[in-house]
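Asker: coords please:
(2 chains)
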Amino acid sequence: MRAMTGLFFLVFLLAAAPSDADVLVAMNDDSTLVVASEGRIRGFSIQGEELWSGSGPTHPLFGVVSADGARAAFLDPLANRVAIVTANGTTLDVRVPESPVAAMFGEGGLFVLSRDGAALSRIENDGAVRSVPTSLDPSHLFIEGTDVFVYGRTAGRIEKFDGRTLNRMATAEATIGGSDFTGDGRDLWIASPREGKLFPFSQETLIVRDPVSGGAVPVDIQVLRREGRATASRLAVADPSSRRIWEVEGGESEAAAFGRGFLRGLLGLGLYRPRSSEFPGGVDRIFNAAGDFWAFDSGSGTLFQVRAGGRSRALARGLEWGKFAVTDDTVWVWDAGSLSRRTR
Amino acid sequence: MRFLLISLLLATPLAAQERISSDFEIATATRRLNAATSPLQRVAAHMNLGDLRASRLEIDLSRDHYEAAVEAATEASVKARKSSAFDSYAEAVAWTGFALAKLGRVEDSFLTMEEALRYHAAVPRAWNLYASTMTALALFPKAESAARRAVALSKARNPNTPEDLLDLHIYQYNLVSAILRNDPVSAEAENLLLELLDSLAGPRFEKIRRRVSETETFEVFSLVRADEDAFVSLRNRAGLRLARLYENRGNASAARAAYRRALEYRDDDPVALAGLARLSSGEDRFRWFAESFAANPFSPALILDYEEEVATEDREPEGEEIGSLVRRTIWLLERGRPRDAAEALAKAQAGWNSSALDYLEARIAIAEGRVDRASEIRDRLDGVPDLQRSLAAAFENVIGDRSAITDLLTENAGSVIESPSAVMLRRLLAALNDASTITTIRPLLDVVTFRSRAHFDEPASITQDATVLSSGEIQGVPFRFSVPTAFRGRIAMGEHTLVYRVAGAAGTTLIIEPSRIDP
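Answerer: Down below sits the predicted model:
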């Protein structure tokens, strides 16, 4: 079982009903559900019993879970605080520079981007915080080993930091106004909804490769398969404008391309495949959880399970992003202060 | 469709039978609302009306407009999303976020703006709106940071046409507003304002200035669409910001000159008039105050400024128009005449409905010792923190007063307190009206006697041998006997020395048990 990882952003459907500052994540091999809500963090078992409770951030708006599911972090961009919690309820609450909006666990602790403070911070296990400046509007973060990549959306810049020293190792000019940023083991990818393109950069050198079509309004990227020895990576791209998730094949390494006799890797081109999943509404969030691939339409609050061959089925409706978590057999929903389950 | 947002100033104009300054804007915005053909035009009109009503402290009306703006913006975003028009979607979502901020829905507003930025992070006006949203939420460092992004993105586009330059100047103005929230005397803000005002007066804006002059445009809005509106609003607000900045630095002559320049374009600008009042002395000061109250009688900043200064104004403000009534209420309160103040306020309330008047009612209630009523009003002043703070301070004084009363009564147990002052009697009233202190005060009052000159109302009955009296005033504080009391002999209406004990209070009236009337 895997935790629902990645950054949780938006809650829509706002005008319909006032929403609270609540975030729900699944951690600890999906055996613990953790809710941060209005100054408290509570842990629940998958039977729905409250296991523990403690103080937490006042306005938790985003949540992330470590890759091993052992820790979760809740960001409060209004009060500039971050709370890190373990599955048994031990909580560490620290202050960070202005507006923490993105975070990811990496080697040495939790890495946090503070947008308005233009800073990358590392929160170590003992709560020590070390911050270094970044370019304007650092909005997205990706970590691979000890390399920490920061995308500054307004500055249009990628910065590569050494996660151990927080020294800046390299920078590259990039498109401005990107909406998502990730890496597939070979390249970093920026989704540009404004240009309808995906922009790949070498993770190693930050050299830009040729852009790839990403549909009409590519807004979210998810790596379906990382770059392998003999295989190119595969990316899914949410394009709410055309109500599709596009599947894009990443560029191959030179060796892999030669090995398979293809040249497209040498040219650094991604392969745009005609295969796509269609949805009744504009799907704008995609993620992997509990061994499956999921898509979410913020407009209607509909969660889709995407199956092989591009078929999908709607599993739950009326959800708010950040307030549900998917485990093996259940979609958990945090609503009006209580936890409920929808069987998959 | 292009709507641009210019941050509001601290105290902007203001409403109804007689015209006050913002009536012109309200009339125009209402016309625009009625003529609106798209949801976003409705959003713009509702937001302007909300801001205008808020500036007059018509809190319920302003909330109605902000809620209508949320509804219209949501409708626009749903429609745009359904038709896959994601540019329009992002714009409508951003307006939803801004309107939510005006309603104080902090988290919803923040997350909604984040959603808009997923699609519009490269769009300067999105960041401009974001900055204004953060300002509305009082998150000023975030506002400054967002405003810097708007300016940076706009400059990167090399604005060349007057329209594009006007957009850039609006972003710069909003940046200045954010900077000044964090540093009220910032040199960077001053330089930006001077550069901006210089540019607006320069040759690039010659055509727009001519159109402004031809169409006699003068209304100031927070949300503008036409270049003429934008130009006029920006010139007004930038000039006022600069004046305030000089005022904050203590450079009174530069501030006065800047306020006077603002009045050249609009002679009833309430912010400029209030500024000049603060910076003047003697008769001049009260002339500016009078003009400022005529332009916006409900500005919290103006009311608080006037409360500070009113002790030195010798003449009781005259006139029955709203500005004079508000000034007279404050003047009478300062002189310890809450009953007269209540009369002036009642006339104001007969024609106007504003939280500023509620605030004055609370002040009167405090002065009369009706603490519960004052507290009830204070709770309603949610959207007006400045006035709430001022009431809180008044409450603190009352608490201090109670402790002084307790001390005085304890010290004088078994003796006579001669000629208690009006202030002391009002403090006593306040303590008697407060459930939390009454149990402490009552036993002390049982053992203290007072002697005062009292003005009696007409006797209830009068015979050859006795006069029955029941009520009157001591130092302007109304009293009545617990039961009408007959005194030996004929006692004429008018002033006499009364020896008495205080038995309690009924609202603003002291209940007294008379011992005797001394000759």
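
Asker: contact partners of stretch B:194-214?
Answerer: Stretch B:194-214 has contacts (Cβ atoms under 8 Å, 6 or more residues apart in numbering or on different chains) with B:162, B:165-166, B:169, B:172-173, B:176, B:217, B:227-228, B:231-232, B:234-235, B:238-239, B:242. Bear in mind the C-beta positions are built from the backbone N, C-alpha and C, glycine included.

Asker: end-to-end on it?
Answerer: End-to-end distance for stretch B:194-214: 26 Å, by Cα to Cα, to the nearest Å.

Asker: report the distance from it to the chain centre.
Answerer: 33 Å (Cα atoms, centre = their mean, to the nearest Å).

Asker: check stretch B:451-469 too.
Answerer: 45 Å.

Asker: from the contacts of stretch B:194-214, which ones fall inside helices?
Answerer: Counting by DSSP state H, the part of the contacts of stretch B:194-214 found in helices is B:162, B:165-166, B:169, B:172-173, B:176, B:227-228, B:231-232, B:234-235, B:238-239, B:242.

Asker: so among those residues, where is pLDDT lowest?
Answerer: The lowest pLDDT within the ones in helices among the contacts of stretch B:194-214 belongs to B:Asp227, with 79.

Asker: please determine how far it is located from B:Val502.
Answerer: 68 Å (Cβ to Cβ, to the nearest Å).

Asker: contacts only, for whatever residue of the stretch 51-200 of chain B ends up closest to chain A.
Answerer: Nearest residue of the stretch 51-200 of chain B to chain A: B:Ala122, at 2.7 Å (Cβ to the nearest Cβ). Contacts here follow Cβ under 8 Å, 6+ apart; on that basis B:Ala122 touches A:153-154, A:176-177, A:194, B:153.

Asker: in CSV: the residues you listed, plus neighbour count.
Answerer: Output for these, formatted as CSV (neighbours: other Cβ atoms under 10 Å in any protein chain shown):
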residue, neighbour count
A:Arg153, 26
A:Thr154, 27
A:Ile176, 23
A:Gly177, 23
A:Arg194, 19
B:Leu153, 25
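
Asker: would you reformat those residues as TSV and include distance to B:Phe24 and secondary structure?
Answerer: TSV is the format used below for the contacts of B:Ala122 (distance: Cβ to Cβ, whole Å; DSSP: H, G, I helix; E, B strand; the rest coil):
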residue	distance to B:Phe24	secondary structure
A:Arg153	41	coil
A:Thr154	38	coil
A:Ile176	41	coil
A:Gly177	39	coil
A:Arg194	40	coil
B:Leu153	34	helix
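
Asker: can I take it that B:Ser375 is in a helix?
Answerer: Yes - the assignment for B:Ser375 is a helix, going by DSSP: H, G, I helix; E, B strand; the rest coil.

Asker: give me phi/psi at the residue in the stretch 151-300 of chain A positioned nearest to chain B?
Answerer: Among the residues of the stretch 151-300 of chain A, A:Gly177 lies closest to chain B, at 2.7 Å counting by Cβ to the nearest Cβ. A:Gly177 adopts backbone torsions of phi 80, psi 20, taken as degrees, to the nearest 10.

Asker: check it and give its pLDDT.
Answerer: Value for A:Gly177, per-residue pLDDT: 94.

Asker: distance check, the nearest residue to it once chain neighbours are set aside against B:Asp372.
Answerer: Excluding the flanking residues, the one nearest A:Gly177 by Cβ to Cβ, 6 or more residues apart in numbering or on different chains is B:Ala122, at 2.7 Å. Distance of B:Ala122 to B:Asp372, given as Cβ to Cβ: 55 Å.

Asker: which residue ranges of the stretch 201-344 of chain A form helices?
Answerer: For the stretch 201-344 of chain A, the helices defined by DSSP state H, counting those that start in this stretch occupy A:254-260, A:264-267.

Asker: repeat that for the stretch 201-350 of chain B.
Answerer: B:206-215, B:227-249, B:252-265, B:270-279, B:282-295, B:300-309, B:322-334, B:338-351.

Asker: mind putting the ones you listed into JSON lines with mean neighbour count?
Answerer: Below are the helices of the stretch 201-350 of chain B laid out as JSON lines (neighbours: other Cβ under 10 Å):
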{"stretch": "helix B:206-215", "mean neighbour count": "13"}
{"stretch": "helix B:227-249", "mean neighbour count": "22"}
{"stretch": "helix B:252-265", "mean neighbour count": "17"}
{"stretch": "helix B:270-279", "mean neighbour count": "26"}
{"stretch": "helix B:282-295", "mean neighbour count": "19"}
{"stretch": "helix B:300-309", "mean neighbour count": "20"}
{"stretch": "helix B:322-334", "mean neighbour count": "24"}
{"stretch": "helix B:338-351", "mean neighbour count": "18"}
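
Asker: the helix or strand B:Arg501 falls within pairs with which strands?
Answerer: Following DSSP states H and E, the helix or strand that holds B:Arg501 is strand B:494-506. In the sheet, strand B:494-506 lines up against strand B:449-456 (antiparallel), strand B:509-518 (antiparallel) (DSSP bridges).

Asker: so how far is the first one off the chain centroid?
Answerer: Which is strand B:449-456. 39 Å.

Asker: where does B:Arg380 land on pLDDT?
Answerer: pLDDT at B:Arg380 comes out at 80.

Asker: next: the one 10 residues further on.
Answerer: Among the per-residue scores, B:Ser390 shows a pLDDT of 84.

Asker: B:Ala341 too?
Answerer: At B:Ala341, pLDDT is 95.

Asker: can you pull the contacts of it?
Answerer: B:328-330, B:332-333, B:360, B:364, B:367.

Asker: give the contact list for B:Thr406.
Answerer: B:431, B:437, B:440-441, B:444.

Asker: SS state for it?
Answerer: Applying three-state DSSP: B:Thr406 is helix.

Asker: from B:Thr509, how far out is it?
Answerer: B:Thr406 is 22 Å from B:Thr509, by Cβ to Cβ.

Asker: how about B:Arg426?
Answerer: 12 Å.

Asker: kindly report the same for B:Asp305.
Answerer: 33 Å.

Asker: do B:Arg118 as well
Answerer: From B:Arg118 to B:Thr509 the distance is 64 Å (Cβ to Cβ).

Asker: so which of these two has more stuff around it?
Answerer: B:Arg118 (27 against 17; other Cβ atoms under 10 Å in any protein chain shown).

Asker: nearest spatial neighbour of that one, chain-adjacent residues omitted?
Answerer: Per Cβ to Cβ, 6+ apart, closest to B:Arg118 is A:Ser179, 4.6 Å.

Asker: how many neighbouring residues does the one you found have?
Answerer: A:Ser179: 26 neighbours (other Cβ under 10 Å).

Asker: near chain B, which residues of the stretch 51-200 of chain A?
Answerer: A:59, A:61, A:77-78, A:98-99, A:101, A:115-118, A:136-137, A:139, A:153-154, A:176-179, A:193-194 (Cβ under 8 Å from any Cβ of the partner chain).

Asker: contact partners of stretch A:183-192?
Answerer: So stretch A:183-192 is in contact with A:142, A:144, A:149, A:151, A:158, A:174-175, A:177-182, A:198-203, A:206, A:209, A:214, A:218-221, A:223, A:226-227, A:233, A:235, A:237, A:250-253, going by Cβ under 8 Å, 6+ apart.

Asker: out of those, which are buried?
Answerer: Buried members of these, counted by 16 or more other Cβ atoms under 10 Å in any protein chain shown: A:142, A:144, A:149, A:151, A:158, A:174-175, A:177-182, A:198-201, A:203, A:206, A:209, A:214, A:218-221, A:223, A:227, A:233, A:235, A:237, A:250-253.

Asker: how about the residue nearest to B:Ser355 when sequence neighbours are not counted, what does it touch?
Answerer: Computed as Cβ to Cβ, 6+ apart, the closest residue to B:Ser355 that is not its neighbour in sequence is B:Leu57, at 4.0 Å. Neighbouring residues of B:Leu57 by Cβ under 8 Å, 6+ apart: B:298-300, B:354-356, B:359, B:384, B:387.
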